[in-house]
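1. Show me the folded form of this:
(chains A, B, C and D)
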Protein chains: 2
Amino acid sequence: MELTKKQQEVLVFLRKRIREGLPPTIREIAAEFSFSSTGTVRDHLKALVKKGYLFLSEKKSRAMELTEKAMLTIPILGRVPAGVPVLAIENIEDYFNVDKLFSQKEDLFFLRVHGDSMIGAGIMPDDLVLVKKQPCAQDKDIVVCRIDGEATVKILRNRENRFFLEPANKNYSIIALNENSQIIGKVITTIRQYV
Amino acid sequence: MELTKKQQEVLVFLRKRIREGLPPTIREIAAEFSFSSTGTVRDHLKALVKKGYLFLSEKKSRAMELTEKAMLTIPILGRVPAGVPVLAIENIEDYFNVDKLFSQKEDLFFLRVHGDSMIGAGIMPDDLVLVKKQPCAQDKDIVVCRIDGEATVKILRNRENRFFLEPANKNYSIIALNENSQIIGKVITTIRQYV
DNA sequence: TGACAGCCCACACAAATGTGTGGTAGTATC
DNA sequence: GATACTACCACACATTTGTGTGGGCTGTCA
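-> Residues are numbered from 1 along each chain as shown, chains lettered A, B, ... in the order given. Predicted coordinates:
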């Protein structure tokens, strides 16, 4: 059930248009590929549906959706030997599903990290951490907590059912979790953008 | 030029549908709000356009686009004092524009980081770095380079027009840029996802 | 009072759009 | 030879959809 070259081309176009926010109509697809008949487009769309790359809704204009299989991904490279092109297929370790990163329904927010208390865990000042709001977490989770009126990032430690907030920097000390320090959420991603 | 409550509601619905991948038709909007006339919807859409939240294309079904002003963003929290709710408006430092992160047209790929040579810069083993392909870069840029058949991440140094690749870890040594080490691209973002 | 914005309705019309039927040609498979 | 898939075309038809005109009611602001 592999895609033919032509079907690939159509899929690439659909992906582009869907990402831009407005899926094409059948006639817009026909125009793109200089097809003079709408039937031709329908053949291709039906092939994509049949092969599991596309969902179509009936009687609704532009109503198409990519399946998981067809979603836009950015290749993740692993080891890159000398001599071969960087983006050669052999180097591709996995795909990063861009469309899924932020599609979660949970209550998410970013926190801009202040201070260097988590430097040992690779969380630098001014990094953004994506936080899922939740009142508790597990041992070793990186959590956002409120200590003395300041939101900071720490590692949660569970020692015999007593909880501690541990920094990843020896210049800071461990804090026991009490009524003055409250867990706000769990860090699920960190992002650093270079200018 | 503030939005009225009703216009806000309409915008929220549009944003939801646009994010889901299929902007609504005028009649679908009417159904959502139980309007019995398409004219009513057009009044609201025109108001949103006039106030700078929406672009509409003529004679094309579902052809609407959010303006920068109206785009979906995730709040970035700064300092969070005790006592106030976490997501209180006072805490919001900025907004992270999800829709823009990956919208760049350039040739991008992710590289899974192996080794600890960049630990000092907060880039840990197994982090993902988003790389923009380019054959050269500037002093202090973090670059992906190919050294002895392995893609690694390093800091580029320009000393009197001679280029060096510098690790952020004292256990590794500086390498002069030569025919055995080639710049593949520049790191523009790092991402770490916790399971 | 007048002007304007917000919010709603009814209805008609033309254009855009999906659907359906049927056809041709090439290629591959059994 | 039969069958199936791919890749195109032509054309008609019904529905969906955007557009346009006209109207009503409620406010606010000058």
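2. right, and residue A:130 touches residue A:190 too?
-> Yes - shown here, residue A:130 and residue A:190 form a contact pair, counting by Cβ atoms under 8 Å, at 7.4 Å. To be clear about C-beta, it is placed using only N, CA and C from the backbone, and glycine gets the same treatment.
3. Looking at the two, which is more packed in?
-> More neighbours sit around residue A:190 than around the other of residue A:130 and residue A:190, counting by other Cβ atoms under 10 Å in any protein chain shown; the figures are 27 against 24.
4. which ones are touching that one?
-> Residues touching residue A:190, when contacts are defined by Cβ atoms under 8 Å, 6 or more residues apart in numbering or on different chains, comprise A:122, A:123, A:127, A:128, A:129, A:130, B:190, B:191, B:192.
5. quick one, strands of chain A?
-> A:54-56, A:64-66, A:73-77, A:92-97, A:108-112, A:128-133, A:142-147, A:150-159, A:162-166, A:175-176, A:181-193 (DSSP state E).
6. residues touching the residue nearest to residue A:23 when sequence neighbours are not counted, list them.
-> For residue A:23, the nearest residue in space outside its immediate sequence neighbours is residue A:62; the separation is 4.3 Å by Cβ to Cβ, 6 or more residues apart in numbering or on different chains. Residue A:62 makes contacts with A:22, A:23, A:24, A:25, B:22, B:61, B:62, as judged by Cβ under 8 Å, 6+ apart.
7. cool, and residue A:113?
-> With the criterion set at Cβ under 8 Å, 6+ apart, residue A:113 makes contact with A:123, A:124, A:125, A:126, A:127, A:128, A:129, A:153.
8. Can you tell me which of the residues you listed is closest to DNA strand C?
-> If you rank the contacts of residue A:113 by distance to DNA strand C using Cβ to the nearest atom of the strand, residue A:128 comes first, at 35.6 Å.
9. so the closest one sits right up against residue A:109, yeah?
-> No - if you go by Cβ under 8 Å, residue A:128 and residue A:109 don't touch, sitting 10.1 Å apart.
10. circling back: mind checking which of the contacts of residue A:113 are buried?
-> The neighbour-count test (16 or more other Cβ atoms under 10 Å in any protein chain shown) marks A:123, A:124, A:127, A:128, A:129, A:153 as buried among the contacts of residue A:113.
11. Include distance to residue A:55 and pLDDT when you put those into TSV, please.
-> As requested, the buried ones among the contacts of residue A:113 are arranged in TSV below (distance: Cβ to Cβ, whole Å; pLDDT from 0 to 100):
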residue	distance to residue A:55	pLDDT
A:123	39	92
A:124	42	91
A:127	37	84
A:128	33	80
A:129	34	82
A:153	40	88
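12. Can I get those residues in CSV including distance to residue A:143?
-> Below are those laid out as CSV (distance: Cβ to Cβ, whole Å):
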residue, distance to residue A:143
A:123, 12
A:124, 18
A:127, 15
A:128, 16
A:129, 10
A:153, 7
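13. nearest spatial neighbour of residue A:168, skipping sequence neighbours?
-> Computed as Cβ to Cβ, 6+ apart, the closest residue to residue A:168 that is not its neighbour in sequence is residue A:120, at 3.4 Å.
14. Any residues of chain A in contact with DNA strand C? List them.
-> If contact is defined as Cβ under 7 Å from any atom of the strand, the residues of chain A in contact with DNA strand C are A:25-28, A:38-39, A:42, A:56, A:58-63.
15. By neighbours, which of those residues wins?
-> For the residues of chain A next to DNA strand C, neighbours tallied by other Cβ under 10 Å; top is residue A:62, 21 neighbours.
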